[in-house]
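In: Turn this into a structure:
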Amino acid sequence: MRLVVAVLRPSQLEAVRQALAAVHVTRLTICDAQGYHASPGYHASPGYHGQRGESGIVQESVMEIAVNDDFLERTVDTIRKAMLLGDELSTDAAPNGSPRPSGRLFVLPIHDAVQLYRDVRGPEAI
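Out: Numbering: from 1, shown residues only. So this is what the prediction gives:
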């Protein structure tokens, strides 16, 4: 069992959710978050990271998905592809004109899962 955590721009959220639904990954948690980015010279789209040289708190979304091992690769690949596609469509380009990648993706182990309403533990609870 794994916990997949995706940190992405709010504008990417719906596209990633729809891509996951297409591969039958539908149980997930979505949270609004604030990130802190302190990177002089970094330039991102206005309304997301701010302007060149600025750092500070930015609005982000966090998507958490608990998956069994047989769903891990399809979940990670789907999120990664949807996030990269969103970056290709973004107006936030690097100086060479290519899209600037955004977001982060983490995969963490889950030692146990408990489904309270059915008193089920382990992979079946996912």
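In: my guess is residue 60 is in a helix, correct?
Out: No. Counting by DSSP: H, G, I helix; E, B strand; the rest coil, residue 60 is not found in a helix; it is strand.
In: What pLDDT does the model give it?
Out: pLDDT, residue 60: 92.
In: State whether it and residue 5 are indeed in contact, as I suppose.
Out: No. The criterion here is Cβ atoms under 8 Å, and residue 60 misses it with residue 5 at 11.6 Å. The C-beta positions use only the backbone N, C-alpha and C, and glycine is treated the same way.
In: okay, the two: which has more neighbours?
Out: Neighbours per residue (other Cβ atoms under 10 Å) separate residue 60 from residue 5, with residue 60 holding more: 22 against 17.
In: quick one: that one from residue 81, how far?
Out: 19 Å (Cβ to Cβ, to the nearest Å).
In: same thing with residue 34?
Out: In terms of Cβ to Cβ, residue 34 sits 26 Å off from residue 81.
In: So which of those two has more stuff around it?
Out: residue 81 (12 against 9).
In: What are the phi and psi values at the more buried one?
Out: As for residue 81, its main-chain torsions (degrees, to the nearest 10) stand at phi -60, psi -40.
In: which non-adjacent residue is nearest it?
Out: residue 19 (7.1 Å; Cβ to Cβ, 6 or more residues apart in numbering).
In: ok, the one you found - how many residues close by?
Out: 19.
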